[in-house]
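# coordinates only, sequence not included:
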């Protein structure tokens, strides 16, 4: 079999570069775990999650809690805002009341805002879904 032509080698190199660039831009922030069931004997339950930043620059994230319809939920969040370094992770803890219910569904979201200029900002949001079950209620 004859060796590939210089033109074919150049095409392969260009395709490889394009695929690498696409793979790098496809990285997304993360929240872990994405879902879970939390059991509690108390009138409140807690969720600990890890926020991941795959980007090459640090990003400021706000941690927010919503109900299953994305209405804001009153919760204790620590830390509620955090700066996550490039390629790094940070943990947050959320404490939510059952509000007299036997169970409660919530979404815990990491929301980031970044960009080069005020007119070119990107808002991101990744959420995990959790079910709190009150035992002995």
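Sure, I can see it. Just so it is clear, the model here is predicted, and its values are computed rather than measured. Numbering: from 1, shown residues only.
# count the neighbours of the closest residue to residue 79 other than its chain neighbours for me.
With C-beta to C-beta, 6 or more residues apart in numbering as the criterion, residue 79 has its nearest non-adjacent residue at 6.1 Å, and that residue is residue 92. For every residue, glycine as well, the C-beta is placed using N, CA and C. Residue neighbour count, defined by other C-beta atoms under 10 Å, stands at 21 for residue 92.
# same question for residue 108.
Residue 108, neighbours per other C-beta under 10 Å, totals 27.
# give the contact list for the residue nearest to residue 101 when sequence neighbours are not counted.
For residue 101, ignoring the flanking residues on the chain, the nearest one in space by C-beta to C-beta, 6+ apart is residue 134 at 7.2 Å. Shown here is residue 134, whose contacts under the criterion C-beta atoms under 8 Å, 6 or more residues apart in numbering are 40-43, 45, 98, 101-103.
# would you reformat those as CSV and include distance to residue 129 and pLDDT?
Below are the contacts of residue 134 laid out as CSV (distance: C-beta to C-beta, whole Å; pLDDT from 0 to 100):
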residue, distance to residue 129, pLDDT
40, 17, 95
41, 22, 94
42, 21, 93
43, 21, 94
45, 14, 96
98, 17, 95
101, 17, 93
102, 18, 95
103, 13, 95
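# show only the entries of those residues found in strands.
Using DSSP state E, 40, 45, 103 are the members of those that sit in strands.
# tell me the first helix or strand C-terminal of the helix or strand of the chain with the lowest mean pLDDT.
For the chain, using mean pLDDT, DSSP states H and E, the weakest element among its helices and strands is helix 6-25, scoring a mean of 44. If you walk from helix 6-25 toward the C-terminus, the next helix or strand you reach (DSSP states H and E) is strand 30-32.
# okay then, goodbye and thanks.
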